[in-house]
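Participant: how would this look folded up:
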Amino acid sequence: MKKKILLVGSIILLVGVVGFQIIDKNLHMLQSPGAVVPNYEESDYGLRSNYVDNLKKFPSLNLGERTPFDLYRYGGRDKTSYMSLDLGMSWKEWVVYHEKQKPELMADVKEYMNSRYDFSNNPIEGVYMSGNRKQVMKGPISRLPEGVNSFEDLAQRSAEDIKAKDLFPYKPLAHPLHSTAHMVFPEEYLEYHPEHRRIDVDHDIPDNYLPEFPPPMFLTTHKEYGDITKGKEVTLGNYFEIFNGLLTPEQMEGLKELLKPTPSTFFNHTTFRVTIQPSAGVACFSCHANGHTNGAFEVAPDTRPQLARLRVGTPSMRGNYNLMQLASKRSIRSMDHFAEVEEYFEGDPGIQQAIGPRSQRRAVTNRMGDFNAILDFPPAPKLGPLYKLIPSKATEQELLGEKVFNGKGQCITCHSGPAFVDDYMHDLQVERFYTGRPEGPIKTFPLRGIKDSPPYLHDGRCMTLNDTVEFFNLILELKLSKEEKDALVAYLICL
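Facilitator: Presented below is the predicted three-dimensional model:
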């Protein structure tokens, strides 16, 4: 009986193996090669001849090697989408390499930035950020090219003429060390957080042109308190004392997670790092200080090669409760999702696995999103409940600025509603004005509280509100007068 059972079992197994081989063979036959258009004629859709053919090829660089400051002029693809955790040298050699390179690099960065901007530290008289400690800087400070007498003169020229003569003053900014990239913190922040001072690169914008630190924090749930922090930077060491009795337990948990440091690509405990000492990492509020921004910058994780990644400043988290689109290019649609995917590991899960995952469960990121959802914009005492200027509180210049904003300036097209944002992504096609790689659609940023968030645009190339107005006057070909532009800046300050 047992022999019969074994024989039957062997036959079934043999039939199964033969059947699997037949199925497997058929599966291989069924793996379709995909359609191919016969006699395909390539079309560049007007892009290759206008842009690609004029680009330089990205240089092949090792980690930490200096990169061109004009990376917008380069294009191409990388050998791989994945990042190696190999410094290319020992830790001691890495430190010595940057001890030698950093002073030379930062001297050249300063020279380059000064060639583009006049950092004269000239403030707008009587205008302060919401914490009433830091003045708003006057502009425009972008330097005009030789032979152009004024921004009004430049605005009379066509996009083709500006591009052909290389006259555009608002070309993209790159990371000063794009081969490594990652977060770079301003000096004002590093005075209190020396553990985040890098051995390879420093911030390239003077503190006077960055947000105040620490910034005030305003809550939708406790408007009556004004700045809930009373001039303090919220940390793991003091958040309980500040918020106990004002937040729900769930919000307290979310705030704690926003303050908790986590290893990141180059701020971590391994020797694959850019700090002299091992680091506990960074927290959300390391860059988004007090739920706002301290002016730190990074590069976006959304594309490759490494040198094509866009420099991005830290946006404010204020008013995110009224936004449906987060992140500059990835169009993330919820605050809890953003808390999950925040770019600690350059968009590369392999780095996360090697250095140590953030391990943020959905329940935790939901709570982080819940606290984010009560961060309010700063007060705007000249705006009424429908976000129009109150005539009795506004100056004639501010009222003119509102008129320009809603009319000739076309600002209202993308900046409407209570947050002054349309929650869309727009392709401004800025490459019409310079020879360079198209940057494509980027999200619209809200204008509520905008005076608190310099520098402007995703990469911070517009250092002041005046520069931002000049930028849009050029690329939208608005032909605004100087009076209209000054009025527009005065109105933006009211928001």
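Participant: alpha carbons only for contacts and neighbour counts from here, please
Facilitator: Fine.
Participant: what residues are up against I355?
Facilitator: I355 makes contact with P263, S264, T265, N268, T270, according to C-alpha atoms under 8 Å, 6 or more residues apart in numbering.
Participant: Make a ChimeraX selection of the buried ones in the residues you listed.
Facilitator: Buried members of the contacts of I355, defined by 16 or more other C-alpha atoms under 10 Å, are picked up in ChimeraX with:
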select :263,264,265,268
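Participant: Which member of the contacts of I355 is positioned nearest A300?
Facilitator: Nearest to A300, judged by C-alpha to C-alpha, of the contacts of I355 is T265 at 13.4 Å.
Participant: Find the nearest non-adjacent residue to the closest one, please.
Facilitator: F345 (5.0 Å; C-alpha to C-alpha, 6 or more residues apart in numbering).
Participant: From I205, how far off is the one you found?
Facilitator: To I205, F345 is 25 Å away according to C-alpha to C-alpha, to the nearest Å.
Participant: Would you map the helices across this protein?
Facilitator: Secondary structure of the chain, counting by DSSP state H: helices at 2-30, 91-116, 151-155, 159-164, 187-190, 239-243, 249-259, 284-287, 335-341, 349-355, 362-372, 396-406, 465-475, 482-494.
Participant: Save these as CSV, and put in distance to L47 and mean pLDDT too.
Facilitator: Shown next, in CSV, are these (distance: least, C-alpha to C-alpha, whole Å; pLDDT from 0 to 100):
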stretch, distance to L47, mean pLDDT
helix 2-30, 37, 49
helix 91-116, 28, 98
helix 151-155, 25, 96
helix 159-164, 15, 96
helix 187-190, 41, 97
helix 239-243, 51, 97
helix 249-259, 42, 95
helix 284-287, 36, 94
helix 335-341, 32, 65
helix 349-355, 32, 81
helix 362-372, 40, 85
helix 396-406, 32, 98
helix 465-475, 19, 98
helix 482-494, 33, 98
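Participant: For those helices, give me CSV that also has distance to L61.
Facilitator: Output for the helices of the chain, formatted as CSV (distance: least, C-alpha to C-alpha, whole Å):
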stretch, distance to L61
helix 2-30, 41
helix 91-116, 15
helix 151-155, 37
helix 159-164, 29
helix 187-190, 28
helix 239-243, 43
helix 249-259, 35
helix 284-287, 28
helix 335-341, 28
helix 349-355, 19
helix 362-372, 37
helix 396-406, 45
helix 465-475, 33
helix 482-494, 42
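Participant: and the angle from the longest strand anywhere in the chain to helix 482-494?
Facilitator: Among the segments of the chain that qualify as a strand by DSSP state E, the longest is strand 123-128. Orientation of strand 123-128 against helix 482-494 (axes from the mean of the first three to the mean of the last three C-alpha atoms, to 10 degrees) gives an angle of 30 degrees.
Participant: In space, what's closest to the residue nearest the centre of the chain - neighbours in sequence excluded?
Facilitator: Centroid-nearest residue in the chain, with C-alpha atoms, centre = their mean: V312, separated by 2.9 Å. Once flanking residues are discounted, V312 sits nearest to D459: 4.5 Å by C-alpha to C-alpha, 6+ apart.
Participant: count of residues packed around E111?
Facilitator: Residues within reach of E111, counting by other C-alpha atoms under 10 Å, total 12.
Participant: now do S32
Facilitator: 8.
Participant: I'd like to know how far it sits from L375.
Facilitator: Distance, S32 to L375, using C-alpha to C-alpha: 52 Å.
Participant: cool, D302 as well?
Facilitator: For D302 relative to L375 (C-alpha to C-alpha), the value is 26 Å.
Participant: what do you get for L259?
Facilitator: 15 Å.
Participant: Could you dump the contacts of I355 into a markdown table with pLDDT added?
Facilitator: Output for those, formatted as a markdown table (pLDDT from 0 to 100):
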| residue | pLDDT |
| --- | --- |
| P263 | 92 |
| S264 | 90 |
| T265 | 92 |
| N268 | 94 |
| T270 | 94 |
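Participant: who wins for proximity to V274 among the helices of the chain?
Facilitator: helix 91-116 (8.6 Å).
Participant: Quick check: buried residues in that closest one?
Facilitator: W94, V95, Y97, H98, Q101, K102, L105, M106, V109, K110, M113, R116.
Participant: And stretch 265-280, by the same measure?
Facilitator: Buried-residue list, stretch 265-280, by 16+ other C-alpha under 10 Å: 265-269, 271-275, 277-280.
Participant: In strands, which of the residues you listed fall?
Facilitator: Using DSSP E, none of the buried residues of stretch 265-280 sit in strands.
Participant: Could you find which two of the residues you listed are furthest from each other?
Facilitator: Every pair of the buried residues of stretch 265-280 checked by C-alpha to C-alpha; the farthest is T265 and Q277, at 14.7 Å.
Participant: quick one: the residue nearest to K485 when sequence neighbours are not counted from D118, how far?
Facilitator: Nearest residue to K485, sequence neighbours excluded (C-alpha to C-alpha, 6+ apart): V469, at 6.5 Å. Per C-alpha to C-alpha, V469 is found 17 Å from D118.
Participant: ok, these two, which is more surrounded?
Facilitator: Using other C-alpha under 10 Å, the more surrounded residue of V469 and D118 is V469, with 22 against 15.
Participant: list the contacts for that one?
Facilitator: Per C-alpha under 8 Å, 6+ apart, neighbours of V469: K485, L488, V489.
Participant: likewise A296?
Facilitator: M183, V184, F185, P186, H203, C287, G313, T314.
Participant: got a list of what the fifth one touches?
Facilitator: It refers to H203. V184, F185, P186, E187, A296.
Participant: Distance to F371 for the residues you listed - can I get that in a markdown table?
Facilitator: Below are the contacts of H203 laid out as a markdown table (distance: C-alpha to C-alpha, whole Å):
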| residue | distance to F371 |
| --- | --- |
| V184 | 25 |
| F185 | 24 |
| P186 | 25 |
| E187 | 28 |
| A296 | 22 |
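Participant: Can you flag which of the residues you listed belong to strands?
Facilitator: Checked against DSSP E, the contacts of H203 include nothing in strands.
Participant: Show residues contacting stretch 121-134.
Facilitator: Against stretch 121-134 from outside (C-alpha under 8 Å, 6+ apart): 135-139, 208-209, 211-212, 215-216, 231, 378-379, 451-452.
Participant: Looking at those, which are in strands?
Facilitator: Using DSSP E, the contacts of stretch 121-134 in strands are Q135, V136, M137.
Participant: tally of neighbours for the last one?
Facilitator: Other residues near M137 come to 26 when the count uses other C-alpha under 10 Å.
Participant: how about the longest strand of the chain: buried residues?
Facilitator: Buried residues in strand 123-128 (16+ other C-alpha under 10 Å): P123, V127, Y128.
Participant: neighbours around the closest residue to L383 other than its chain neighbours, how many?
Facilitator: Leaving aside its sequence neighbours, L383 sits nearest to L389 (C-alpha to C-alpha, 6+ apart; 4.6 Å). For L389, the count of nearby residues is 21 (other C-alpha under 10 Å).
Participant: now swap in D166 and tell me
Facilitator: 13.
Participant: ditto for P38
Facilitator: 6.
Participant: quick one on the thing from earlier: take the ones in strands among the contacts of stretch 121-134 and write them to a markdown table, including pLDDT.
Facilitator: Below are these laid out as a markdown table (pLDDT from 0 to 100):
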| residue | pLDDT |
| --- | --- |
| Q135 | 97 |
| V136 | 98 |
| M137 | 98 |
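Participant: Identify, from the residues you listed, the entry nearest to L167.
Facilitator: Checking the ones in strands among the contacts of stretch 121-134 against L167 by C-alpha to C-alpha gives M137 as the nearest, at 24.2 Å.
Participant: how about the nearest residue to the closest one, chain neighbours excluded?
Facilitator: Using C-alpha to C-alpha, 6+ apart and skipping residues adjacent in sequence, the residue nearest M137 is P123, 4.0 Å away.
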